[in-house]
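Visitor: Sequence first, predicted coordinates after that:
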Amino acid sequence: MKKSYALIAGVALLSASLAVNAQDATVRVHDAGTGITIPAEIYGQFSEHLGRCIYGGLWVGKDSDIPNVEGYRKDVFEALKALKVPVMRWPGGCFADDYHWVDGIGPLEERAKIANNNWGGTLEDNSFGTHEFLNLCEMLGIEPYISGNVGSGSVEEMAKWVEYMTAPAGSSVANMRVANGRKEPWKVKYFGIGNEAWGCGGNMTASFYSDVYRRYATYLRNQPGNDLYKIASGASDYNYEWTKTLMEQIGDRMDGISVHYYSIVDWGNKGASTKFDEKSYYTILSKTLDVENVLKKHIEIMDEYDPDGDVDLLLDEWGTWYDVEPGTNPGHLYQQNTMRDAIVAALNLDIFHKYTRRLKMCNIAQVVNVLQSMILTNETDMVLTPTYHVFEMYNVHQNAEYIETETSTALVKGLFRSVPVPVIDATASRKDGKMHIDIVNTDYNKSRTVLVEFDNVNAVRKVKSARILTSQRAQDYNDFSNKNQVAPKAFKDYKVVKGGIELTLPPCCIVALETE
Ligand code: AHR
């Protein structure tokens, strides 16, 4: 996709005001189409045994007083169903390389109790294990993505886990599953061989890990009707050498290679989730947008080694990462989620749509109560975050035809690696004869006028529905005492004109249009 930007060079950082045409910005929609389908997996989630993601988030147990469906928290279960989650990664993250799957099967009272050493030393009673995760996925129609233990596990342990989950009854390992109450094997496609092998997953070099990967992958067997899609533990953001080495040494023995990218500017001073100023708002957006450069560079390397596109790229951890909420366990990574996070989510998804030739899955970190989550829970209640609402507004793009857009907009000078922030950003797709267009106004405090124009100027466009996600301030969030401060509402500030649609967008907002 080409974008033409009018850069406000040298103008005070936060005063983007250049008018492009009569409107502040123009979004040109190339409605002839691209023939490219946006994989649903771009909207993937990540669930780790970390803080209250699993316990108190997804799982409360069958005997809990909290309303539950077979032990899954009912409110969260229903919210995830509505979100149409395509794929979910589990059990980590760093936890995956400390996880021994046999600890989490069989009678609850006999399951091993361990310390969760990565995340605050919290006691892990393994009451949520393989059965609980795979049954949840099955009930919600989610494709499971299992992350296997390379760091502290063995080839035998990993191979047996795959057999336990996917082999028909008959072998001793598969019969253990049957004895634990599950006769038919589950379907498990996505299998990650380690996580962050350069760090918490074993502190390996890329070359050493490549050999380790090849060894582990050899023994992960396909079963009748269950072909594995094997994923290598990839780079952290800017570590292009890691990707290069794995492409060279593993090649198409992997189906996918991952990369992780968090919107953090300073690990030593991540900043608060709800208390930030205009400068920090734009800095986080600038860092977020740099993911495009990172994806491009990893893809460039992959193109060089694999011009036929046999190996996919998966961004299987992404999102904002702030200081934890005051008074919470620093190891539990619990943070609030504001309109700024909603803008971050939308900008990321807009970028992901452009790179699906190679980028086939993305998993935001994480689904409940951890980092940029969809849902926050307390003992009795649940809150949907602004990020949840973006995922809900955008889920129409799953498996839709990607439609190119070209945006002419002013830019705010970049505060992270000079990556500029477009005032207006947009994405579009088409499904079942309907066009879905999302437009983001990143401006911290100014309304912006936008003309959405179509290549086919004679097309009569009807807006079938228009919704907006916004609030008074970028710092606004939903909490247990005010659950709908940031929630989608009907949007009326638009006019259909010949060949297009004119809109006036309030500051810091996301508008979702459905047109015919
Ligand atoms: O998402 C939190 C942690 O971030 C994951 O466990 C790890 O893979 C990454 O460093």
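Guide: Sure thing, it's come through.
Visitor: A helix includes residue 211, no?
Guide: Yes: with DSSP: H, G, I helix; E, B strand; the rest coil as the criterion, residue 211 is part of a helix.
Visitor: Pretty sure it sits against residue 249.
Guide: Yes: counting by Cβ atoms under 8 Å, residue 249 is a contact partner of residue 211 at 7.5 Å. (C-beta placed from N, C-alpha, C; glycine too.)
Visitor: what are the phi and psi angles of the closest residue to the ligand within the stretch 251-400 of the chain?
Guide: Proximity of the stretch 251-400 of the chain to the ligand (Cβ to the nearest ligand atom) peaks at residue 365, 4.1 Å away. Dihedral pair for residue 365: phi -100, psi 120, per degrees, to the nearest 10.
Visitor: Return the residues of this protein in contact with the ligand.
Guide: Within the chain, the residues that sit near the ligand (Cβ under 6 Å from any ligand atom) are 48, 92-94, 195-196, 317, 365-366, 371.
Visitor: okay, the residues you listed in CSV with pLDDT, secondary structure and neighbour count next?
Guide: As requested, these are arranged in CSV below (pLDDT from 0 to 100; DSSP: H, G, I helix; E, B strand; the rest coil; neighbours: other Cβ atoms under 10 Å):
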residue, pLDDT, secondary structure, neighbour count
48, 98, coil, 28
92, 97, coil, 28
93, 98, coil, 29
94, 98, helix, 21
195, 98, coil, 30
196, 98, coil, 23
317, 98, strand, 26
365, 98, strand, 25
366, 97, coil, 28
371, 98, coil, 29
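Visitor: three-state assignment of residue 324?
Guide: Residue 324 is classified as coil under three-state DSSP.
Visitor: and it, how many neighbours does it have?
Guide: 20 (other Cβ atoms under 10 Å).
Visitor: Quick one: residues contacting it.
Guide: 330, 332-335 (Cβ atoms under 8 Å, 6 or more residues apart in numbering).
Visitor: 6 Å instead, please
Guide: By Cβ atoms under 6 Å, 6 or more residues apart in numbering, the contact list for residue 324 reads 330, 334.
Visitor: and the gap between it and residue 134?
Guide: 30 Å (Cβ to Cβ, to the nearest Å).
Visitor: now swap in residue 300 and tell me
Guide: 37 Å.
Visitor: the more surrounded of these two?
Guide: residue 134 (20 against 12).
Visitor: For residue 174, what is the enclosing helix or strand?
Guide: helix 172-179 (DSSP states H and E).
Visitor: Please disregard the earlier target; I meant residue 288.
Guide: Per DSSP H and E: helix 278-289 holds residue 288.
Visitor: now residue 165
Guide: helix 155-166.
Visitor: picking up where we left off before, mind listing what's buried along the helix holding residue 174?
Guide: 174, 176-177 (16 or more other Cβ atoms under 10 Å).
Visitor: what is the rounded mean pLDDT of it?
Guide: Across helix 172-179, pLDDT averages out at 98.
Visitor: I'd like the average pLDDT over the helix or strand just after that helix.
Guide: Going down the chain from helix 172-179, the next helix or strand is strand 190-193, by DSSP H and E. The average pLDDT for strand 190-193 rounds to 98.
Visitor: ok, now stretch 328-339?
Guide: 98.
Visitor: Can you give me the buried ones in that stretch?
Guide: 331-339.
Visitor: what's the answer for stretch 443-460, then?
Guide: By neighbour count on 16+ other Cβ under 10 Å, the buried set for stretch 443-460 is 443-444, 446, 448-454, 459.
Visitor: closest to the ligand among the residues you listed?
Guide: Distances from the ligand to these, taken by Cβ to the nearest ligand atom, are shortest for residue 444, at 27.7 Å.
Visitor: now stretch 306-316, how far from the centre of its chain.
Guide: 18 Å (Cα atoms, centre = their mean, to the nearest Å).
Visitor: now swap in stretch 395-402 and tell me
Guide: For stretch 395-402, the distance to the chain centre is 15 Å (Cα atoms, centre = their mean).
Visitor: Adjust the sequence numbering to begin at 321 for everything that follows.
Guide: In the new count, where the first residue is 321, that last one comes out as stretch 715-722.
Visitor: Ends of that stretch, what's the gap?
Guide: 13 Å (Cα to Cα, to the nearest Å).
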